[in-house]
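Chemist: quick one, fold the following:
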Amino acid sequence: MLLRDAFGRFPGRYHYALVKWPADRKAAESSSDRIKAESAKYLEIGVRPVWFDDFDELPDLVEQLR
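Modeler: Just a heads-up that it's a prediction; the model follows:
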C-alpha cells in the first residue's frame with residue numbers, strides 16, 4: 001500500500017482522514033480503549049483519523065485542521 005510505504009520511508013509524516021464513527025455508537029460516548037483500537041488500523045499506515053458522528057460537524061473539523 002502506498003501510504004504504508006510512504007510512512008515507512010518518512011516516519012512522523014502523517015496524513016489525515018475524516019472518518020465517520022460507526023452508527024451504533026457516538027464517538028463522544030465511546031471508551032478511549034475503543035477509540036484507540038479503531039484508530040490503530042489507520043495509524044499503522046501513517047493516517048491519523050479524525051472521527052466525527054454527524055456530517056454537520058465537518059466544516060468545523062476542517063477549519064480546525066488548518
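Chemist: only C-alpha atoms for contact and neighbour calcs from this point on.
Modeler: Will do.
Chemist: for residue 48, give the beta-bridge partners.
Modeler: Partner residues in beta bridges with residue 48, using DSSP bridges, are residue 16.
Chemist: so what's the residue count around it?
Modeler: If you count neighbours by other C-alpha atoms under 10 Å, residue 48 ends up with 18.
Chemist: quick check: longest helix of this structure.
Modeler: Counting by DSSP state H, the longest helix found in the chain is helix 32-43.
Chemist: with just CA atoms, put that one into PDB.
Modeler: Written as PDB, here are the backbone C-alpha positions of helix 32-43 (Å, rounded to 0.1, in the frame of the first residue of the first chain):
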ATOM      1  CA  SER A  32     -10.900   5.600  25.000                       C
ATOM      2  CA  ASP A  33      -9.900   2.000  24.500                       C
ATOM      3  CA  ARG A  34     -12.400   1.500  21.700                       C
ATOM      4  CA  ILE A  35     -11.300   4.700  20.000                       C
ATOM      5  CA  LYS A  36      -7.700   3.700  20.300                       C
ATOM      6  CA  ALA A  37      -8.500   0.200  18.800                       C
ATOM      7  CA  GLU A  38     -10.400   1.700  15.900                       C
ATOM      8  CA  SER A  39      -7.700   4.300  15.300                       C
ATOM      9  CA  ALA A  40      -4.800   1.700  15.300                       C
ATOM     10  CA  LYS A  41      -5.600   0.300  11.800                       C
ATOM     11  CA  TYR A  42      -5.200   3.800  10.400                       C
ATOM     12  CA  LEU A  43      -2.200   4.900  12.500                       C
END
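Chemist: now that helix, how far from the centre of its chain.
Modeler: In terms of C-alpha atoms, centre = their mean, to the nearest Å, the gap separating the centre of helix 32-43 from the centre of its chain is 8 Å.
Chemist: same thing with stretch 35-44?
Modeler: Averaging C-alpha positions (C-alpha atoms, centre = their mean) puts stretch 35-44 8 Å from its chain's average.
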